[in-house]
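In: Requesting a structural model of the entry that follows:
(chains A and B)
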Amino acid sequence: MKNQTPAKMIKKAIDSYPGGICFATLEGRVILVNEKMNKLVLELTGHTVLNARVTWDELTSFAGKDKVEKLDQSWLPKDPGNGNENMQQQMFFRFPDSLVWHFEWKLLDSNTVQIEAAEITELYRLSEELYENTIRLREMQKRQKSLLDSIVEINLNKEILAAKMHIHEELGHCLLAATKAVAEDSLAENADTLKESWRSTIRNFSDIPAVWTVPDSSLQSELLQVAELIGCKVIFLGEQPMNRKALQLLYAAIREALTNAVRHADATELTVKIEHNEESYHIEISNNGGTAVSKITEGNGLSALRQRLEQEGATLKLLCDGSVSLIVDIPSDFDEPQKGERK
Amino acid sequence: MIQVLVVEDSKITRDAIESQIVKSEKYVLYASIENAANAEIACLRGHVDLILMDVCTADEESGLKAAAKIKQYNPKIKIIIMTSMPEHSFIQKAKACGCNGFWYKEYGGTSLMEVCDRVMEGEYIYPEDTPVIRIGYTSSKEFTTREFDIIRELAQGRKYEEIAADLEITSNTVKYHIKNILQKTGCQNTLQLVAEVVEKRLILPKY
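Out: Residues are numbered from 1 along each chain as shown, chains lettered A, B, ... in the order given. Okay, here's the model as predicted:
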């Protein structure tokens, strides 16, 4: 009697628990199960919890029954690599009364397991909402990024448009003044003012200096012409990449090599040897500098270049055999949209 | 004669600047380029005295970053940053790089040649403040430095947790600032806010 009383009390206590609960051995032998768990399992499988392991397997392979729906878990936050899969498993069911129940299988110690069922209808609704909001937010972030990608282009066009409007305005003033003078038959009186006004306007736009100016903004031409301007010729051996991204990386490397070759070795010639196979462009950049170098310390410029190349999947090696050469490997296939490409 | 390097990717603006240099008696055009990344190379053999540097140049290269590199090796070269963008951080960045002057193409009353003359005489010429831009119901001068930090992070597509980590504050503080910014501006959400600040060029994260 003394022994039975606590057992009954325990049973009564867990029966009053609003959720479902079941304790069992690892093999599935039930130690203790409350009424709610039996009721829920009965609705799902057609029987109460006879063996906890068998019941859990039945729930795992549950294919739908009498308006009970097993819910997918795509809305759950991802928690990769926590290694708890063997210790803990969970499932979600929506019952005909629209309530959502969460079933969790947990290993308590080496020989005891616990199955717990908790009603989480409101939590599930909020989680679903959160999941949808997260997806929407991701879309918004994508749009935000694409907006940023094109903003410089838009600004440049605005700037050009503003300058064009300014030109039109100045020419318009001259035309208006001339028309007015003709209409008022005062052309002779105002001839000098008009002439000076036209001259000044035209001079502003045509008085472009006859000094060295880069003809276009393509990646290649400006750098090569600047190099020539400072007395260092860049010689290419082999075919340059067609992809703009690969070209940008190649020219970033040439720029760094050129700067170092002129600054530290007083070079007058930079040779860029390019070999191409299906996988990558192998590039060797060397110079004819006079200073012998046996060891090189990587400064800010080279470190920044290495970081930029490695971010894009390319590699950089430095070769010191008297002079310094840069060895760059750039992947052939850049899966990159041609955004912001100009001219 | 003072040798000038012009770095400007808008042809019309470049032509206008070149024209002013040619007309002057003190300055001579050394070279004119579109990409700021090539400016350091153009200065290598020591022929440049003054650089007129745009901020947003060809191939999305930043004139401010180029200026910092040039100043590191050639502190004697004078650099004037030119821009039409009211981006709030440009002036501070230019000062941090050691640039000698800053000139707004579309704002302010000082002419470029006047700024050049004063800079060549050894003065540091900077506008007192960035132009004030309206963002929703408020103006750019109503934002605190921290709020600008948050907007800049949002414009880079960062999540709240990432912003919190970058700025070394809690996610709740990030949310608090964002709530304040949205209230001030009347923007419905952060996307609308970012679209407006970027469209009005108040923040350009790449530069």
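
In: any idea which helix or strand comes after the one helix or strand A:R199 maps to?
Out: Here A:R199 is covered by helix A:187-206, with elements defined by DSSP states H and E. Using DSSP H and E, the next helix or strand after helix A:187-206 towards the C-terminus is helix A:219-229.

In: tell me, what residue is most central in chain B?
Out: B:F90 (3.4 Å; Cα atoms, centre = their mean).

In: quick one: buried residues of stretch B:164-173?
Out: Buried residues in stretch B:164-173, defined by neighbour count with 16 or more other Cβ atoms under 10 Å in any protein chain shown: B:164, B:167, B:169. From N, CA and C alone the C-beta is placed, and that goes for glycine too.

In: residues in contact with that stretch?
Out: By Cβ atoms under 8 Å, 6 or more residues apart in numbering or on different chains, the surrounding residues in contact with stretch B:164-173 are B:146, B:149-150, B:153, B:158, B:160-161, B:174.

In: Same question for stretch A:47-60.
Out: By Cβ under 8 Å, 6+ apart, stretch A:47-60 touches A:22, A:24, A:26-30, A:33, A:37-38, A:41-42, A:44-45, A:89, A:91, A:93, A:103, A:105, A:113, A:115.

In: Show the overlap between those residues and what lies near chain B.
Out: Subset of the contacts of stretch A:47-60 in contact with chain B: empty, counting by Cβ under 8 Å from any Cβ of the partner chain.

In: Any quick PyMOL command for the buried ones out of these?
Out: Entered in PyMOL, the line below selects the buried ones among the contacts of stretch A:47-60, by 16+ other Cβ under 10 Å:
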select buried, chain A and resi 22+24+28+30+33+37+38+41+44+45+89+91+93+103+105+113+115
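
In: so of the contacts of stretch A:47-60, which ones are in helices?
Out: Judged by DSSP state H, helices contain the following of the contacts of stretch A:47-60: A:37-38, A:41-42, A:44-45.

In: B:L5 in helix, strand or coil?
Out: Three-state assignment for B:L5 (DSSP: H, G, I helix; E, B strand; the rest coil): strand.

In: let me redo that: A:V324
Out: Going by three-state DSSP: A:V324 is strand.

In: any idea how far chain B is from it?
Out: 16 Å (Cβ to the nearest Cβ, to the nearest Å).

In: Output the below-cut-off pLDDT ranges for the stretch 101-250 of chain A.
Out: Within the stretch 101-250 of chain A, the ranges that satisfy pLDDT under 70 run A:149-153, A:155-156, A:159, A:163, A:204-219.

In: 50 instead, please
Out: A:207-217 (pLDDT under 50).

In: got the residue ranges for the strands in it?
Out: For the stretch 101-250 of chain A, the strands defined by DSSP state E, counting those that start in this stretch cover A:112-119, A:233-237.

In: ok, and the most crowded of the contacts of stretch B:164-173?
Out: When neighbours are taken as other Cβ atoms under 10 Å in any protein chain shown, the top entry among the contacts of stretch B:164-173 is B:I150 (29 neighbours).

In: which residues touch it?
Out: B:I150 makes contact with B:163, B:167, B:174, B:177-178, B:181, according to Cβ under 8 Å, 6+ apart.

In: Check those and tell me the two furthest apart.
Out: B:L167 and B:I181 (13.9 Å; Cβ to Cβ).

In: Now name the helix or strand holding B:E18.
Out: Per DSSP H and E: helix B:11-23 holds B:E18.

In: Ok, B:W103 next?
Out: strand B:101-104.

In: Can you tell me which helices and strands that strand packs against?
Out: strand B:78-83, helix B:90-97, helix B:112-120 (3 or more Cβ pairs under 8 Å, 6 or more residues apart in numbering or on different chains; DSSP states H and E).

In: how about a cut-off of 6 Å?
Out: strand B:78-83, helix B:112-120 (3 or more Cβ pairs under 6 Å, 6 or more residues apart in numbering or on different chains; DSSP states H and E).

In: Can you tell me what sits against it?
Out: Residues from elsewhere that reach strand B:101-104, judged by Cβ atoms under 6 Å, 6 or more residues apart in numbering or on different chains: B:80-82, B:91, B:94, B:112, B:115, B:119, B:125-126.

In: For the residues you listed, pick the one with the most neighbours.
Out: B:I81 (26 neighbours).

In: Can you name the residue of chain B nearest chain A?
Out: In chain B, the residue that lies nearest chain A is B:I12 (3.8 Å; Cβ to the nearest Cβ).

In: How many residues are close by that residue?
Out: Other residues close to B:I12 by other Cβ under 10 Å number 17.

In: Look up how far B:F90 lies from it.
Out: 21 Å (Cβ to Cβ, to the nearest Å).

In: and A:Y17, how many residues sit next to it?
Out: If we define neighbours as other Cβ under 10 Å, then A:Y17 has 13 of them.

In: Kindly report the same for A:L99.
Out: Counted with other Cβ under 10 Å, A:L99 comes out at 13.

In: Which residue is the nearest non-sequential neighbour of it?
Out: A:T121 (5.0 Å; Cβ to Cβ, 6 or more residues apart in numbering or on different chains).

In: In terms of secondary structure, what does the least confident helix or strand in chain B by mean pLDDT contact?
Out: When the helices and strands of chain B are scored by mean pLDDT, DSSP states H and E, helix B:11-23 comes last with a mean of 85. Contact partners of helix B:11-23 among helices and strands, from 3+ Cβ pairs under 6 Å, 6+ apart: strand B:27-33.

In: ok, 10 Å please
Out: The contact analysis (3 or more Cβ pairs under 10 Å, 6 or more residues apart in numbering or on different chains; DSSP states H and E) places helix B:11-23 against helix A:121-183, helix A:187-206, strand B:2-7, strand B:27-33, strand B:50-54, helix B:112-120.

In: ranking these by burial, who's on top?
Out: Across the helices and strands packed on helix B:11-23, averaging neighbours per residue (mean count of other Cβ atoms under 10 Å in any protein chain shown) puts strand B:50-54 on top, at a mean of 27.

In: for chain B, which helix is longest?
Out: Chain B, longest helix under DSSP H: helix B:171-185.

In: Go through the next helix or strand after that helix and flag the buried ones.
Out: Sequence order places helix B:190-199 as the next helix or strand after helix B:171-185, per DSSP H and E. Residues of helix B:190-199 classed as buried by neighbour count (16+ other Cβ under 10 Å): B:190-191, B:193-198.

In: Format these as a markdown table; extra columns: pLDDT and distance to A:A304.
Out: Compiled in a markdown table, these are given as follows (pLDDT from 0 to 100; distance: Cβ to Cβ, whole Å):
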| residue | pLDDT | distance to A:A304 |
| --- | --- | --- |
| B:T190 | 89 | 31 |
| B:L191 | 87 | 32 |
| B:L193 | 91 | 32 |
| B:V194 | 90 | 28 |
| B:A195 | 88 | 31 |
| B:E196 | 89 | 33 |
| B:V197 | 90 | 28 |
| B:V198 | 86 | 26 |
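
In: who's A:S280 bridged to?
Out: Under DSSP bridges, the beta-bridge partners of A:S280 are A:P331.

In: what's near enough to touch it?
Out: Neighbouring residues of A:S280 by Cβ atoms under 10 Å, 6 or more residues apart in numbering or on different chains: A:241, A:246, A:313-315, A:328-333.

In: Which one, of the helices and strands packed on helix B:11-23, ends up nearest to B:K206?
Out: The nearest among the helices and strands packed on helix B:11-23, by Cβ to Cβ, is helix A:121-183 at 7.1 Å.

In: Give me the packing partners of that closest one, helices and strands only.
Out: Using 3+ Cβ pairs under 10 Å, 6+ apart: helix A:121-183 touches strand A:88-94, strand A:100-109, helix A:187-206, helix B:11-23, helix B:145-155, helix B:190-199.
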